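[1] 3D model of this:
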Amino acid sequence: MNIDLAKPMPSLPPITTEKLDQYITQLALTGKKRRAAMLALIEPHSLWAYRKTHSDLAEREAEALAFYAEWIVEEIEEAMFNRAIKGVTEPVFYEGIKCGHKRVYSDRLLALLAKRYIPEYRDHLTVDANVKAGVLVVNTPLTVQEWEKQYGTTGTAIDATVQSGTGADSGGRPDGPADDHSAGSDSGPCPDSQPEATGPVGPGGNDAG
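    Got it, this is the predicted structure:
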């Protein structure tokens, strides 16, 4: 492709206030400048030229991206909550035939949520970092016996679940993550030996529902 440098470059279409507002809205929803510009019907070169002469655009873009980041965090936390507390359903297979569903919970995500929102479940790890003569001193974590002596024991949930991805109900699929557990199938020609549905154990050892 040959470009005639002597020929003046065509002027870029102007960016109206309406288009600019639409661009900022789409940027807050997508987190991607180029995609937001396309959705607002703004050419990338026009946006680049506009940004050079309007310093306030960068501030508006930063606010939109901060909103997008906050929304992403909320979506991640909601997904973690559903996986840890409510559980997610997965199909159950018996002899190659889909016979129902099971609700799977993530014990690891539940522990992470507990550490974040319940101070008693957080790691009581004391770290003293004193730099003296180039020596860094770090205290070691507590043992189980030391933990029980200092903080007491916590209630133990009754394990009435089966490991996800194992046994006949997995249909020969590879074993699932070790931190997941399932609550049995709902209906269909599944073996009667499967455990009844149980959810996360709440305070006092009762099912949380």
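[2] May I ask you to name the longest strand in the protein?
    Criterion DSSP state E: the longest strand present in the chain is strand 97-106.
[3] and that one, what does it pack onto?
    Packing partners of strand 97-106 (3 or more Cβ pairs under 8 Å, 6 or more residues apart in numbering; DSSP states H and E): strand 88-94, strand 180-185. C-beta here means a position set from N, CA and C on the backbone, and glycine is covered the same way.
[4] which of those has the lowest average pLDDT?
    Sorting these by mean pLDDT places strand 180-185 lowest, at a mean of 59.
[5] Could I get the full set of helices for this structure?
    In the chain, the segments counted as helices under DSSP state H are 17-30, 33-39, 44-53, 56-81, 107-117, 144-151.
[6] Can you add mean neighbour count, distance to residue 91 and mean pLDDT and give those back as a markdown table?
    Formatted as a markdown table, the helices of the chain follow (neighbours: other Cβ atoms under 10 Å; distance: least, Cβ to Cβ, whole Å; pLDDT from 0 to 100):
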| stretch | mean neighbour count | distance to residue 91 | mean pLDDT |
| --- | --- | --- | --- |
| helix 17-30 | 17 | 33 | 94 |
| helix 33-39 | 17 | 35 | 91 |
| helix 44-53 | 13 | 44 | 88 |
| helix 56-81 | 13 | 20 | 93 |
| helix 107-117 | 15 | 21 | 88 |
| helix 144-151 | 11 | 38 | 60 |
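[7] Now render those helices as CSV, adding distance to residue 90.
    As requested, these are arranged in CSV below (distance: least, Cβ to Cβ, whole Å):
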stretch, distance to residue 90
helix 17-30, 31
helix 33-39, 33
helix 44-53, 43
helix 56-81, 15
helix 107-117, 15
helix 144-151, 33
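[8] Please identify which of these is closest to residue 92.
    Residue 92 lies closest, by Cβ to Cβ, to one member of these: helix 107-117, at 19.7 Å.
[9] Send me that closest one as CSV with only the CA atoms.
    Provided in CSV are the C-alpha atoms of helix 107-117 (Å, rounded to 0.1, in the frame of the first residue of the first chain):
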residue,chain,number,x,y,z
ASP,A,107,-13.8,-26.4,51.6
ARG,A,108,-10.8,-24.3,50.7
LEU,A,109,-12.9,-21.3,49.6
LEU,A,110,-14.9,-21.7,52.8
ALA,A,111,-11.8,-21.5,54.9
LEU,A,112,-10.6,-18.4,53.0
LEU,A,113,-13.9,-16.6,53.6
ALA,A,114,-13.8,-17.6,57.3
LYS,A,115,-10.3,-16.2,57.6
ARG,A,116,-11.4,-12.9,56.0
TYR,A,117,-14.6,-12.3,57.9
